[in-house]
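Asker: Sharing a model that was predicted from the sequence below.
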Amino acid sequence: MPEVLKAPLVVEFPFTRSLGPVQSAFLTGLRERVVLGVHTGDGRTLVPPVEYDPVTAEEIRDLVEIAPTGTVTTWAWNHAPRRGQPLDTPFAWALVRLDGADTALLHALDAPGPEAVHTGMRVRVRWAEQRTGAITDIACFEPYDGEDAQPTGHTGEFEDPVTGIVAHARLDYSYSPGRAQSAYIRALSDRRTVGERCPSCRKVYVPPRGACPTCGIATGEQVEVGPRGTVTTFCIVNIKAKNLDIEVPYVYAHIALDGAGLALHGRIGGIPYDQVRMGLRVEPVWTEDSRYPDHYRPTGEPDADYDTYKELL
Amino acid sequence: MTRDIAVVAFAQTDHRRTSDELSEVEMLMPVLHEVLDRTGLKTADIGFTCSGSSDYLAGRAFSFTLALDGVGAWPPISESHVEMDGAWALYEAWTKLLTGEADTALVYAYGKSSPGSVRDVLTRQLDPYYVAPLWPDSVALAALQAQALIDAGETDEPALAAVAARSRAAAEDNPHAQLRGPVPHGEYVVRPLRTGDCPPIGDGAAAVILAAGERARELCARPAWIRGIDHRIEAHGLGVRDLTDSPSTRLAAERAGAFERPVDTAELHAPFTAQEVVLRKALRFDDTVSVNPSGGALAAHPIMAAGLIRIGEAAARIHRGESDRALAHATSGPCLQQNLVAVLEGDPR
Ligand SMILES: [Zn+2]
């Protein structure tokens, strides 16, 4: 078996999220070093606060200030912090029930080692220096053996409340395309296009994905197709895509390579955009160091007869 | 309930740490063929198809649509997908069969965890406002639950090691398992959980076929009749819940009829050792129940398929005559947030 192809794949997204009234008050409060909870109908106080009672689903809006000191209800020692976590030195994850609350908040607890942490220990909030209205405005918790802190009687009303957060996320993958697509990519490096034939319906799939979607069985027989092909259908692109260095308008087409059982897509060049037509015979144009055809250009042959490609539309 | 519905066939891959040489559909297809072969059905005979998977594992959008190539989705079939474990896909298929709109269903699920970092990927299912920005990984959250149990006096580290040892010893008889036999309890990953307390990370797939009434008897010598299924969820806020208990599992089990008569076998989806302690308590098991004879999720944990595999393993034991009444459980979310319970029975002997 040839060496498996692999490449890094990074998925990054900045989710912009709007906040409801209770979340807005809570996160704005953190920015102002105030911790807020919310009262439920049955007299409990939830911290962090939510907008609907997790038991009754009743809407809850009754904010109350809570002390920044509390008690660890459970914990776990994280000796190897990971990217994005609150501290980059070993720390404890902890659920902390703040004084006056009936539920616990998850955050990091900065402690010298697991021996210094136990359920029931007293902790207090350590505020981040830069605060924006996010859960990370709490830098972490830290051990605390002083007096219980007292709330200041804040109403939960703020000037300039935070109404949204941007939640950045990045995940790193190592992508491998599997057997069929690897063979396709390898062939492209020799400037050849290979598909795979279905043993049942005999259709040739290009690019091959390893299965015939009609028959639901594995394809395995490799078939070289092209290099020439026929335009089966096309569209004219008039809007320039971001980071794409192609002048508009240009033509994007479905191209049935000779011998292929379905069309793949590519850009048509070497001909004015308004002269591209169904049936146009084309061939790939490779640029130096390219890993796939840059575009397809007319071969100069007569157009293909409609009957030869109508099944591939 | 107006129709009896049974699991009539089950197949799964050998679960492995990586399957780089296979695309998702290439990994899945042999399992689909195996489960069809067992019943003699062809793709065209299947009334409804439902799958479970997650794009976040492989980092590719709409990956389930490519996997559909493996079921022969042209001409168009009646098909659905859940972005969850395949156990929930099976629940959807079961309800579809209950309506009478189909007599057979193919349910499959797959997960390729190897391309990414599962601990990081699973943080993306957490509350995006208060929790996900802190990136607490899946082992860390399970470790909080384990410590809560230890503090409550319900387990300790040696007891957790024993859960792992029993599971992996049971997996000696499971040719598909990824981890089997003596496995070191290992170093702490996030204390109090050690490597041995955590599931292996791996790739795999599973499929089952459901059939209704007489159709089930035609397709399987001893169908595993689904006597009930229910699934329940708990508050997303970890600090709202009692992590030492699983009231959602208990309620789902009650609604699925699990407590009407004792079960002889249980396949529990407990990816972490401490979670088996929680589930045994929630389900009020005594020592007469054989728990995870397959080795369970500690022996093989293809995410999104591991819950469906619990139903499949329980059904397969009924097919083979090794069980008469089995409970299967699937979970999703941090610290057993969502739980599904199915009760399966064979015909009286
Ligand atoms: Zn075919």
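Answerer: Okay, I see it.

Asker: on contacts alone, who are the packing partners of the helix or strand encompassing A:Trp77?
Answerer: Using DSSP states H and E, A:Trp77 sits within strand A:69-78. Strand A:69-78 is packed against strand A:91-98, strand A:105-109, strand A:122-127, helix B:138-151, strand B:188-190, with contacts defined by 3 or more Cβ pairs under 8 Å, 6 or more residues apart in numbering or on different chains; DSSP states H and E. C-beta: built from backbone N, CA, C; applies to glycine.

Asker: So which of those is nearest B:Ala102?
Answerer: helix B:138-151 (35.4 Å; Cβ to Cβ).

Asker: Run the chain-centre distance for the closest one.
Answerer: Its chain's C-alpha centre and that of helix B:138-151 lie 21 Å apart, by Cα atoms, centre = their mean, to the nearest Å.

Asker: which parts of the helix or strand following that helix are buried?
Answerer: Once helix B:138-151 ends, the next helix or strand along the chain (criterion: DSSP H and E) is helix B:157-170. Going by neighbour count (16 or more other Cβ atoms under 10 Å in any protein chain shown), the buried part of helix B:157-170 is B:157, B:160-161, B:163-168, B:170.

Asker: What segments of the chain are helices?
Answerer: Just going to use chain A. Counting by DSSP state H, the segments of chain A that form helices are A:21-31, A:178-189, A:306-309.

Asker: Sorry, I should have been clearer: chain B.
Answerer: Secondary structure of chain B (DSSP H): helices at B:24-39, B:55-58, B:63-67, B:86-98, B:118-121, B:138-151, B:157-170, B:213-219, B:247-255, B:273-282, B:306-319.

Asker: Compare the mean pLDDT across the ones you listed and name the weakest.
Answerer: Lowest mean pLDDT within the helices of chain B: helix B:63-67, at a mean of 87.

Asker: roughly how far out does that one sit from the chain middle?
Answerer: Worked out by Cα atoms, centre = their mean, helix B:63-67 lies 20 Å from the chain centre.

Asker: That one and chain A, are they touching?
Answerer: Yes - under the criterion of Cβ under 8 Å from any Cβ of the partner chain, chain A is reached by helix B:63-67 at B:Leu66.

Asker: re earlier: and the strand holding A:Trp77 with strand A:91-98, angle?
Answerer: 150 degrees (axes from the mean of the first three to the mean of the last three Cα atoms, to 10 degrees).

Asker: export strand A:69-78 as PDB, just CAs?
Answerer: Taking Å, rounded to 0.1, in the frame of the first residue of the first chain, the C-alpha atoms of strand A:69-78 are listed here in PDB:
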ATOM      1  CA  THR A  69     -15.900  34.300  47.500                       C
ATOM      2  CA  GLY A  70     -17.100  30.800  47.600                       C
ATOM      3  CA  THR A  71     -16.500  27.100  48.200                       C
ATOM      4  CA  VAL A  72     -15.200  24.300  46.000                       C
ATOM      5  CA  THR A  73     -17.800  21.600  45.400                       C
ATOM      6  CA  THR A  74     -15.600  19.400  43.200                       C
ATOM      7  CA  TRP A  75     -12.300  19.700  41.500                       C
ATOM      8  CA  ALA A  76      -9.800  18.000  39.200                       C
ATOM      9  CA  TRP A  77      -6.100  18.600  38.900                       C
ATOM     10  CA  ASN A  78      -5.000  19.600  35.400                       C
END
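
Asker: Please consider this matter closed, and thank you.
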